[in-house]
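Trainee: I'd like to go over a predicted model; first the sequence, then the structure.
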Amino acid sequence: MSVHHTRLIAALDTPSYEQALTWATELESKVDAIKLGLEFTYACGLDAVRNLAAKQELFLDLKLHDIPNTVASGLKALTPIHPSLMTIHALGGPEMIARSRAVLEEAFEGKTARPRLLAVTVLTSMNEESLSAIGINATPLEEVVRLGKMAIKAGADGLVCSAHEITALRDALGDGPELVVPGIRPAGSSTDDQKRIMTPAQAAQAGADWIVVGRPITRAENPAAAAQAIQDELQAVTRCR
Ligand SMILES: O=C(O)c1cc(=O)[nH]c(=O)n1[C@@H]1O[C@H](COP(=O)(O)O)[C@@H](O)[C@H]1O
């Protein structure tokens, strides 16, 4: 059994390269990785992503969801950036996930670390009502566990879920899958469009491997101090597993 600490990813959601570079520099010693997603990548392009990846460990969150061949080919095209973590949607199904995993294995054969493939389960902006609106008559917990089991069996290395589902996923899947958890809000901060939220300490206690925090850091008056406060909260929670 070893001591396990939850690590912090800052989501740098901005269309501005200068802004993202400023945040990445300010947060360099405060966070464990940065996340670049749709907004930054569409606005600034892959060269800009590559530049920031040279500064800090990268979670490239492009949430691919298409037919298996298109997703696998898209992931392959992204491999020169060599992020640590990449996302696809679990809803694409087992063949899409299996082909994605295979393409990463192939591209990084013989190299030490390939990017880990994360399947996004139910977005943290959704609740039971929003699931019902798209024809899914299940609770987010039930749906996350159902999708999570399918995605890990098909070859995903880990899952994106809310902190509310961590215990059920660990019960169903054990400690192996990497659980990456957005929808994090320090006590007293605005929930914005997030529905299934928890504080950093609660997510750490539940067993998150990583938490993803965007606006509570990037919209703070002092992003570095906000990130440090979250790290302090995480460090106070020690879990053994
Ligand atoms: O894949 C993600 O990272 C993700 C999945 C999810 O279910 N919910 C979610 O919020 N995210 C991302 O996590 C970040 C959360 O940002 P904040 O709500 O500003 O903390 C955003 O960049 C989202 O794209």
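Mentor: Nice, I can see it. Numbers count the residues shown, from 1 in each chain.

Trainee: would you list every one of the helices in this structure?
Mentor: Assigned by DSSP state H, the helices in the chain fall at 17-26, 38-44, 46-53, 68-78, 94-107, 128-133, 140-154, 166-173, 200-206, 215-218, 223-235.

Trainee: would you tell me which of those helices gets closest to the ligand?
Mentor: helix 215-218 (3.4 Å; CB to the nearest ligand atom). Bear in mind the C-beta positions are built from the backbone N, C-alpha and C, glycine included.

Trainee: convert the closest one to CSV, retaining C-alpha atoms only.
Mentor: Provided in CSV are the C-alpha atoms of helix 215-218 (Å, rounded to 0.1, in the frame of the first residue of the first chain):
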residue,chain,number,x,y,z
ARG,A,215,-12.5,29.1,-13.8
PRO,A,216,-11.9,29.0,-10.0
ILE,A,217,-8.2,29.4,-10.9
THR,A,218,-8.2,31.4,-14.2
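
Trainee: K149: what's it in contact with?
Mentor: Applying CB atoms under 8 Å, 6 or more residues apart in numbering to K149 gives the contacts A172, L173.

Trainee: rewinding a little: please work out which of the helices of the chain is packed deepest.
Mentor: Ranked by mean neighbour count, those are led by helix 200-206 with a mean of 23 (mean count of other CB atoms under 10 Å).

Trainee: same for that helix, what does it pack against?
Mentor: helix 166-173, strand 210-213, helix 223-235 (3 or more CB pairs under 8 Å, 6 or more residues apart in numbering; DSSP states H and E).

Trainee: one more time with 10 Å
Mentor: Using 3 or more CB pairs under 10 Å, 6 or more residues apart in numbering; DSSP states H and E as the contact test, the elements touching helix 200-206 are strand 7-11, helix 166-173, strand 178-181, strand 210-213, helix 223-235, strand 239-240.

Trainee: okay, V103: pLDDT?
Mentor: pLDDT for V103: 97.
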